[in-house]
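Student: sequence below, structure please.
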Amino acid sequence: MVSVGRPRTVTRRWWALAVVCMAMFMGVLDSTSVYAALPVIAVDLGFAPAQTQWVVTAYGVAIGGLLLLGGRLADLLGRRRVFMASVGVFAVSSVACGLAWSSEVLIAARVVQGVGAAVMTPAGLSIVMQVFPDGPDRNKALGIWGGLGGAGASAGLLLGGVLTDGPGWEWIFLTNVPVCLVVLSLCRVLLPEGSAGGQRPDVAGAVTITAALTLMLLALFRVAEDGPGVAAATLAAGAVVAAAAFVAVERRSPAPLVPLRVLSSRTRAGGNLVVVIAGIAVDGLLIVVTLYAQQVLGFSAIQFGLTTATMTVASVLAVMVGQHLVTRSGFRLVATAGLGLLAIACVLLSRLSPAGVPVDLLPGLTVFGAGLGAAFVAGQIAALAGTEERDAGLAAGLEETSFAIGTTTGAALASAVAVGYATRRSAGPPSDSALTEGFELALLALAGVAALGALLAVALLRVAPAGAR
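Tutor: Down below sits the predicted model:
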């Protein structure tokens, strides 16, 4: 009986991974595919010029602010139950997005969709941690998770253009519904039920940390839009106050939202830092390359998506190779090499020209994809290493929050540097030459951040292979 049951158990793990990866891939696709549709959405729903970006911002802020709480809810209320509920919320809100008749309705639906994604992603990742214990199989599973995440981000840019130019932007959201239904139908068959934590949720901790993360993300978005100013400073100050309140609450709570034992590991802290740096690099670069390709070179959304395909392929291959190297050589080597490649890629891409051609981007994007895949998979495995089963959802929420903070920071940093420089150089609307110089500076700033991250990875991450005791 043992010889028959064990292969079935092992096979079931991989089917469980397939189900949660299907949901994660859908959420990642949705976060990037909407970029290509923004101009059409603005016309169809009558968005004011300053309002359009809230289609993206509303989703991003909801995710970034609630990922940590979503992961903890999975630990306390049961992972499969929470995962299924969040998939249901994502499906209903996707229908609302696709049928939205006004800008206000679409933004509200995007907030709810972000709430669903904020719970769905860490709950799904905690299920992966539950069915795959520390070791080579978990590293391989996380490699698949990370590879699909990177592929989904780039594929979303292409898919958004295809759907917008074809059946219409509404189908960016409506195509989520059948995927959600398939996932829900498979959950009870393939996913382990998981036990509830038996504790009452730390409501005060949840409110204060969600407020802190949300205010911080809003401050970063404000910097990206208008540069540093009173509004951004006020939001940042509010985030500091809420964070201080969170620390005070957690010290007194009998069942804290974030137990100190989860934060005590230097390896997990280093892994989360690597994930933050990778997030800064990827969204910072995507913002710069998107604006350069579409505003300076005049690419269509589909042309841009095809150009970034080389980055996607390199990223997926690097994730697959990286998870093997982490198992054999440890976190430090793979993370440092990945962040170093990100720095090199940003320097290569900084040699932009207003008269450039698509092929000029390919070498830098290929190196960037390889660096991103290696850095992300090493950081993710380190951020989850040695986590107790009862804290799997929280650790997953911390890692996903780190990535959300990184991507938002990267977008704000790159936008502020590039647009700020171009605006100062031009009396009227920025010229292609001024924009290109601004993009070059932004890429060099991102290279500096990645290089600093490589040094910190050397200092914080251990050499021992993942899974070693």
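
Student: what about the helices in the stretch 151-300 of the chain?
Tutor: According to DSSP state H, counting those that start in this stretch, the stretch 151-300 of the chain carries its helices in the segments 170-174, 176-190, 203-226, 230-252, 260-263, 266-291.

Student: just the strands from the protein, written as ranges.
Tutor: Assigned by DSSP state E, the chain shows no strands.

Student: hey, which helix is longest across it?
Tutor: When the chain is parsed with DSSP state H, its longest helix is helix 2-45.

Student: now for that helix, which elements pack on it?
Tutor: In this structure, helix 2-45 packs against helix 54-77, helix 79-98, helix 103-131, helix 136-165, helix 170-174, helix 176-190, helix 301-307, with contacts taken as 3 or more CB pairs under 8 Å, 6 or more residues apart in numbering; DSSP states H and E. Just so you know, the C-beta spots here come from the backbone N, C-alpha and C atoms, and that holds for glycine as well.

Student: let's see it at 6 Å
Tutor: Counting contacts by 3 or more CB pairs under 6 Å, 6 or more residues apart in numbering; DSSP states H and E, the secondary-structure elements packed against helix 2-45 are helix 103-131, helix 136-165, helix 170-174, helix 176-190.

Student: and the pLDDT at Gly438?
Tutor: Reading off the confidence values, Gly438 has pLDDT 87.

Student: who touches it in this structure?
Tutor: For Gly438, the set of contacting residues under the criterion of CB atoms under 6 Å, 6 or more residues apart in numbering consists of Ala418, Tyr421, Ala422.

Student: the last one against Leu435, yeah?
Tutor: Yes - Ala422 sits in contact with Leu435 when judged by CB atoms under 6 Å, with a separation of 4.7 Å.

Student: which of these two has more residues huddled nearby?
Tutor: Between Ala422 and Leu435, counting by other CB atoms under 10 Å, Leu435 is the more crowded of the two (25 against 22).

Student: quick one: residues contacting that one.
Tutor: Each residue near Leu435 by CB under 6 Å, 6+ apart is listed here: Val296, Ala422.

Student: distance check, it against Val247.
Tutor: 42 Å (CB to CB, to the nearest Å).

Student: off-centre distance for the longest helix of the chain?
Tutor: Relative to the centre of its chain, helix 2-45 is centred 13 Å away, using CA atoms, centre = their mean, to the nearest Å.

Student: and that helix, average pLDDT?
Tutor: The predicted model assigns helix 2-45 a mean pLDDT of 75.

Student: how long is stretch 290-302 from one end to the other?
Tutor: Taking CA to CA, to the nearest Å, stretch 290-302 runs 12 Å from one end to the other.

Student: how far is that stretch from where the chain is centred?
Tutor: Here the centre of mass of C-alpha atoms in stretch 290-302, compared against the chain's by CA atoms, centre = their mean, lies 23 Å away.

Student: for it, which positions count as buried?
Tutor: Thr290, Leu291, Tyr292, Ala293, Gln294, Val296, Leu297, Phe299, Ala301, Ile302 (16 or more other CB atoms under 10 Å).

Student: returning to that earlier point: which of the helices of the stretch 151-300 of the chain is buried the deepest?
Tutor: Among these, the stretch with the highest mean neighbour count (mean count of other CB atoms under 10 Å) is helix 266-291, at a mean of 25.

Student: hmm, who's touching stretch 311-324?
Tutor: With contacts defined as CB under 6 Å, 6+ apart, stretch 311-324 is touched by 139-140, 143, 146-147, 150-151, 154, 334, 365-366, 368-370, 372-374, 377.

Student: list the buried residues of that stretch.
Tutor: For stretch 311-324, burial by neighbour count (16+ other CB under 10 Å) applies to Met311, Thr312, Val313, Ala314, Ser315, Val316, Ala318, Val319, Met320, Val321, Gly322, Gln323.

Student: read off the pLDDT value for the closest residue to Thr409 other than its chain neighbours.
Tutor: With CB to CB, 6 or more residues apart in numbering as the measure, Ile280 is the residue that lies nearest to Thr409, at 5.2 Å, once sequence neighbours are left out. Confidence at Ile280, expressed as pLDDT, is 89.

Student: and Ile280, how far is that from Pro354?
Tutor: Per CB to CB, Ile280 is found 26 Å from Pro354.

Student: try Ser102
Tutor: As it turns out, when the distance is counted by CB to CB, Ser102 lies 39 Å from Pro354.

Student: cool, and Val321?
Tutor: Shown here: Val321 relative to Pro354, a distance of 36 Å by CB to CB.

Student: on that earlier part again, which of the buried residues of stretch 290-302 lies closest to Leu384?
Tutor: Of all the buried residues of stretch 290-302, the one with the least separation from Leu384 (CB to CB) is Thr290, at 30.6 Å.

Student: how about that closest one: what's its closest non-neighbour residue?
Tutor: If you skip the residues right next to it in sequence, Thr290 has Phe304 as its closest partner in space, 6.5 Å away by CB to CB, 6+ apart.

Student: I'd say that neighbour and Gln295 touch.
Tutor: No - using CB under 6 Å, Phe304 makes no contact with Gln295, being 11.0 Å away.

Student: which one's more surrounded, Ser102 and Pro354?
Tutor: The residue with the greater number of neighbours, taking Ser102 and Pro354 and applying other CB under 10 Å, is Pro354; the counts read 14 against 11.
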